[in-house]
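In: need the 3D shape of this:
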Amino acid sequence: MLGARGTRDYGSILLGSSTDSGFVQRLRVQTVLTASLVIANLVGAIVAIALASVGIPEPSVFVADLWWVNFITVPVYVVAAFVVGIGAGTVIVVRDLQWAIRDRRPTARDARRARRAPRWLIGIQGLLWLGAVILFTLCYGIIHPHLIPKVLFVVGMSGVVVVAVSYLLIEFAMRPVAAELISAGYGRRRRGSGVRSRSFVSWLVGSAIPVAGILLVVLFGAFRDETSKLDMFVGVAVLAVTALSTGLILTVLSSLSITGPIRSVRTGMQRVQAGDLDDAELVVYDGTELGDLQAGFNSMVGGLRERERVRDLFGRHVGRDVAEAALASDPELGGTERVVAAMFVDVIGSTRLTAERTPTEVVEILNRFFAVIVDAVDTHRGLVNKFEGDAVLAVFGAPISLPDSAGAALATAREIADRLAVEVPELSAGIGVGHGPVVAGNVGAIERFEFTVIGDPVNESARLSELAKRDPRRPLASGRTIAAAAAHEAARWRELETVTLRGRAAETEVYELAEIGEPAVAGTTAPVG
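Out: Sure, this is the predicted structure:
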């Protein structure tokens with residue numbers, strides 16, 4: 001069965017859910033089909049009785065010498081036609097929908113037989129009413145030839161009404177079957193089926209035929225001296241009421257066949273707006289242009305789902321902020337100068353780790369290590385810019401500007417040092433934080449590039465992480481970083497030494513995370529969090 005779940009997958013609770021078993025579905029379809037045929041024939045019988053007795057009262061069929069037709073022939077034929085119609089319909093449905101009953105995918109032959117089942121059902125109704133037209137016209141006409149036009153029109157019009165109502169009701173009842181065929185890849189369009197044909201049937205039976213009947217009544221009244229003005233008025237009034245009634249029934253049925261698919265699309269759109277793409281896909285059950293609308297909606301949802309998957313993967317690879325910036329505009333090579341804080345985290349003793357543990361264990365440990373870093377960086381609105389083997393480079397202040405990028409980087413370094421000791425005790429890491437101007441942008445070729453930051457703070461943080469490996473419990477930061485950070489964060493760090501970092505000419509003031517009770521910057525006591 002198809003995807004959109006619920007009790008109205010087919011536009012009505014009468015047809016159940018797409019998750020029903022084949023047996024339950026077939027039982028529902030058979031029940032609705034039988035009820036539809038009974039209702040259609042009941043409507044036709046009411047129309048015939050109303051027209052014969054009141055709509056066209058003269059010449060009357062209720063005369064003494066026609067008792068055998070009225071009380072034997074007509075009832076016997078009606079009962080026989082009902083039994084034959086329901087029995088033949090059941091046989092056809094059971095025969096042509098075996099694949100649905102047994103919950104197996106339909107073949108091309110199954111599809112052809114299932115598609116012709118509604119035509120067979122409608123054809124049977126038409127043949128039975130055609131038989132009624134011939135039989136009743138002969139029976140009444142043998143005794144009273146002047147009854148032939150009346151019987152021909154009354155029974156013929158009632159038969160057309162039955163066929164039209166059956167056409168719309170059978171299409172409704174067969175929606176689950178149509179949905180299965182469409183999902184199996186057997187096209188939606190059928191020759192002669194469409195919104196236009198449904199509208200034409202409604203117009204033909206609800207307007208054209210009753211109007212033709214009114215014209216006939218007027219014509220008969222004009223050429224028959226026995227017809228009074230009252231008889232003509234009553235006949236026209238009954239035909240007008242019949243036209244209004246049948247027109248209303250057919251219009252309601254036709255509109256329901258149109259609004260059902262439209263409502264399903266509207267419900268799907270509401271799910272999309274709510275961000276529920278998984279349950280937004282519709283069951284395509286209509287074989288007309290409306291089915292194309294449902295299928296088009298499903299294609300759109302599939303595209304949105306794929307786009308969200310790509311967006312998610314893109315964000316995981318380059319970072320959410322970078323992904324959003326790239327999707328919001330056309331990315332270009334090059335960058336802009338920004339003042340950022342860079343944090344470099346490098347594992348201590350990675351060679352020994354790989355020698356002592358299996359590759360699977362190493363990957364599991366590194367994944368827990370990286371998870372701590374990513375979570376901490378995201379919490380403080382930074383960007384994990386690179387995974388370099390067993391090291392991580394994070395940037396604060398690009399591509400999203402931060403009011404206190406240095407303070408955010410220092411707070412992240414503190415959090416990572418605390419959490420690694422508890423959550424990943426198998427390894428430790430040196431953490432260095434630098435600050436200053438960089439160029440942030442896309443580097444590479446136009447066919448393949450990545451977002452990165454280039455500048456002295458990046459090198460500075462990497463060199464500081466090397467020094468921090470002496471005591472992984474204490475991250476290190478440059479004096480420029482401490483000076484740029486907010487006072488409440490800077491107070492947590494103390495000056496350690498002044499050194500010339502590898503690859504640099506100028507000396508760098510190095511600060512370390514102060515412990516509780518130790519002097520911090522500006523002679524304060526550092527409250528370590």
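In: okay, now residue 136: neighbour count?
Out: When neighbours are counted by other Cβ atoms under 10 Å, residue 136 registers 22. (C-beta placed from N, C-alpha, C; glycine too.)
In: does residue 346 count as helix, strand or coil?
Out: strand (DSSP: H, G, I helix; E, B strand; the rest coil).
In: tell me the pLDDT of it.
Out: Confidence at residue 346, expressed as pLDDT, is 92.
In: so what sits opposite it in the bridge?
Out: Counting by DSSP bridges, residue 346 is bridged to residue 391, residue 430.
In: all strands of the stretch 301-450 of the chain, in order?
Out: Under the criterion DSSP state E, counting those that start in this stretch, the stretch 301-450 of the chain contains strands at 334-347, 383-388, 391-396, 429-445, 448-454.
In: now do the contacts for residue 415.
Out: Residues in contact with residue 415 (Cβ atoms under 8 Å, 6 or more residues apart in numbering) are 376, 379, 380.
In: if we use 10 Å, what do you get?
Out: Residue 415 sits next to 372, 373, 375, 376, 377, 379, 380, 475, 529 when contact means Cβ atoms under 10 Å, 6 or more residues apart in numbering.
In: by neighbours, which of those wins?
Out: Neighbour-wise, the contacts of residue 415 (other Cβ under 10 Å) top out at residue 475, 28 neighbours.
In: tell me the most buried of the strands of the stretch 301-450 of the chain?
Out: With neighbours defined as mean count of other Cβ atoms under 10 Å, the strands of the stretch 301-450 of the chain peak in mean count at strand 391-396, which reaches a mean of 24.
In: helices or strands up against it?
Out: strand 334-347, helix 359-379, strand 383-388, helix 405-423, strand 429-445, strand 448-454, helix 456-468 (3 or more Cβ pairs under 10 Å, 6 or more residues apart in numbering; DSSP states H and E).
In: which strands or helices does the third one pack on?
Out: In this structure, strand 383-388 packs against helix 289-318, helix 320-328, strand 334-347, helix 359-379, strand 391-396, strand 448-454, helix 456-468, with contacts taken as 3+ Cβ pairs under 10 Å, 6+ apart.
In: hmm, try it at 7 Å
Out: Applying 3 or more Cβ pairs under 7 Å, 6 or more residues apart in numbering; DSSP states H and E, one finds that strand 383-388 contacts helix 359-379, strand 391-396.
In: what would these look like in JSON lines with distance to residue 115 and mean pLDDT?
Out: Shown next, in JSON lines, are the helices and strands packed on strand 383-388 (distance: least, Cβ to Cβ, whole Å; pLDDT from 0 to 100):
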{"stretch": "helix 359-379", "distance to residue 115": "54", "mean pLDDT": "90"}
{"stretch": "strand 391-396", "distance to residue 115": "61", "mean pLDDT": "91"}
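In: now the ones you listed in a markdown table, with distance to residue 501?
Out: Below are the helices and strands packed on strand 383-388 laid out as a markdown table (distance: least, Cβ to Cβ, whole Å):
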| stretch | distance to residue 501 |
| --- | --- |
| helix 359-379 | 23 |
| strand 391-396 | 16 |
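In: with adjacent residues omitted, what lies nearest to residue 409?
Out: Sequence neighbours aside, residue 341 is the residue nearest to residue 409 in space, at 3.6 Å (criterion: Cβ to Cβ, 6 or more residues apart in numbering).
In: so the one you found makes contact with residue 396?
Out: Yes: between residue 341 and residue 396 there is a contact under Cβ atoms under 7 Å: 4.3 Å.
In: what do these two both touch?
Out: Common contact partners of residue 341 and residue 396 (Cβ atoms under 7 Å, 6 or more residues apart in numbering): 405, 408, 409.
In: just the buried ones among those residues, please.
Out: Using 16 or more other Cβ atoms under 10 Å as the burial test, these include 405, 408, 409 as buried.
In: ok so, going back, out of the helices and strands packed on strand 383-388, the one nearest residue 76 is which?
Out: Shortest distance between residue 76 and the helices and strands packed on strand 383-388, using Cβ to Cβ, is found for helix 359-379: 82.3 Å.
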